[in-house]
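What follows is a predicted structure for the sequence shown.
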Amino acid sequence: MITRRQTLLAVTAFTAFAFAVPAHAADKLKALIIDGQNNHKWQSTTPIIKQALEDSGRFTVDISTSPPKGNKDKAAWDAWRPDFKAYDVLVSNYNGDMWPEEVQTAFIDYVKNGGGLVILHAANNSFGGWDEYNKMIGLGGWGGRNEKSGPYVYFEDGKFVRDESKGGGGHHGKQHPFKVTIHDADHPITKGLPAEWMHAQDELYDSLRGPAENMTVLATAYSDPAMGGRGKNEPMMMVLSYGKGRIYHTPMGHADYSMKCRGFQVTTARGAEWAATGKVTIPVPDDFPKDEVVSVK
Ligand code: ZN
């Protein structure tokens, strides 16, 4: 039996602990990066994502690493139960095996009830057959995606087009640095960014497709046929809602050298802050890339 005195002691102890935490740490948002499987080198990209979030001064960051791909050890999967609810925002660097049903349900509940989510690069390749996930990310590539997944979305002749034509989802040409063009400069994530900025060497995903509901495209990049692209202005920064949850999605971030782009780092941190709170306080730094010049760190 818990006595009133014990309860009081517990409250006093908790209060003392809470006041012992420095105010600036207590103010920080809690982010959880999810990795462990990817057809990309998550071992070298997760530390850059973590650093970018921490360098913004706005986040503390934990990492939850799933069992490896093709793992048939049920005990390992049973032991992997990330505590989504303990975080303000989840950042997915995961592209791999379907999660256990209990984790899927917890993930849906988390976002639906107002949790923040950030989707980076190949995380939009994951879970091609998981409808709720595809509603969260809006657009995805590969993973069996085709016209049944939803339209292609691109910017053409002054407007965003939803193209229902048949074909697979996901393609890219040769890697290269490319220009990102802001379409919505009034959104908290993009406010104050240069109207165009040069992103460091990356894969420029084209032909993504999905339900694309409750989605606003904030920025695009041109998939130049000279580089093997399909010749459309492709979504590069997107925001979505799913229930009460907010999602920031960028197909940028193929490799460590792509993520060293200050543009990627700052927009990812600002996207994560917006997903967590609906506001952005992280400033645009002086070393943010400009029109024609890549900036890496
Ligand atoms: Zn890639």
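Received it, and whenever you're ready, just let me know what you need. Numbering: from 1, shown residues only.

When you work out contacts or count neighbours from here on, use the C-alpha atoms and nothing else.
Fine.

where along the stretch 51-200 of the chain do the helices fall?
74-79, 101-112, 131-137 (DSSP state H, counting those that start in this stretch).

Let me know which of these is the nearest to Leu29.
helix 101-112 (15.9 Å; C-alpha to C-alpha).

any low-confidence regions in the stretch 1-150 of the chain?
Scanning the stretch 1-150 of the chain for pLDDT under 70 picks out 1-26.

where along it do the strands fall?
Using DSSP state E, counting those that start in this stretch, the strands of the stretch 1-150 of the chain run over 29-35, 59-65, 89-92, 116-120.

what are the pairing partners of the third one, and which direction each?
Within its sheet, and counting by DSSP bridges, strand 89-92 is paired with strand 29-35 (parallel), strand 116-120 (parallel).

picking up where we left off before, looking at the helices of the stretch 51-200 of the chain, spot the one closest to Lys244.
With C-alpha to C-alpha, the closest approach to Lys244 among the helices of the stretch 51-200 of the chain belongs to helix 101-112: 5.3 Å.

out of the strands paired with strand 89-92, nearest to Asp224?
strand 116-120 (21.7 Å).

Which stretch among the strands paired with strand 89-92 is buried most, on average?
Of all the strands paired with strand 89-92, strand 116-120 has the most neighbours on average by mean count of other C-alpha atoms under 10 Å, namely a mean of 28.

follow-up on the earlier one: present the strands of the stretch 1-150 of the chain as a markdown table; the columns should include distance to Lys244.
Shown next, in a markdown table, are those (distance: least, C-alpha to C-alpha, whole Å):
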| stretch | distance to Lys244 |
| --- | --- |
| strand 29-35 | 18 |
| strand 59-65 | 21 |
| strand 89-92 | 13 |
| strand 116-120 | 9 |
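
if I pick Asn39, what's in contact with it?
Asn95, Gly96, Ala122 (C-alpha atoms under 8 Å, 6 or more residues apart in numbering).

So what does the residue nearest to the last one when sequence neighbours are not counted look like in phi/psi?
Counting by C-alpha to C-alpha, 6 or more residues apart in numbering, the nearest residue to Ala122 once its immediate chain neighbours are dropped is Asn95, at 6.0 Å. Per-residue torsions, Asn95: phi -140, psi 100 (degrees, to the nearest 10).

quick one, what contacts Asn95?
For Asn95, the contacting residues are Asp35, Gln37, Asn38, Asn39, Ala122, Ala123, Asn124, Asn125, Ser126, Phe127, by C-alpha under 8 Å, 6+ apart.

Need phi/psi at the third one.
The phi/psi pair for Asn38 (degrees, to the nearest 10) reads phi -170, psi 150.

Correct me if wrong: it contacts Gly96.
Yes: with contacts defined as C-alpha atoms under 8 Å, Asn38 counts as touching Gly96 at a distance of 5.7 Å.

Give me the buried entries from the contacts of Asn95.
Among the contacts of Asn95, those scoring as buried are Asp35, Gln37, Asn38, Ala122, Ala123, Asn124, Asn125, Ser126, Phe127 (criterion: 16 or more other C-alpha atoms under 10 Å).

Could you check how far the last one is from Asp35?
Taking C-alpha to C-alpha, to the nearest Å as the measure, Phe127 falls 14 Å from Asp35.

Count residues in the vicinity of Glu164, would you?
Neighbours of Glu164 under the rule other C-alpha atoms under 10 Å: 15.

quick one, phi psi at it?
Torsion angles, degrees, to the nearest 10, at Glu164: phi -90, psi 10.

Find the nearest non-adjacent residue to it, please.
Distance criterion C-alpha to C-alpha, 6+ apart; nearest residue to Glu164, sequence neighbours excluded, is Pro151 at 4.5 Å.

Provide a list of residues in contact with the one you found.
Arg162, Asp163, Glu164, Ser165, Arg209, Gly210, Pro211, Ala212.

residues contacting the closest residue to the last one other than its chain neighbours?
Nearest non-adjacent residue to Ala212, counting by C-alpha to C-alpha, 6+ apart: Gly138, 4.0 Å away. When contacts are counted by C-alpha under 8 Å, 6+ apart, Gly138 is found next to Arg209, Gly210, Pro211, Ala212, Glu213, Met215, Leu240.

Next step: those restricted to strands.
The strands, defined by DSSP state E, take in Met215, Leu240 from the contacts of Gly138.
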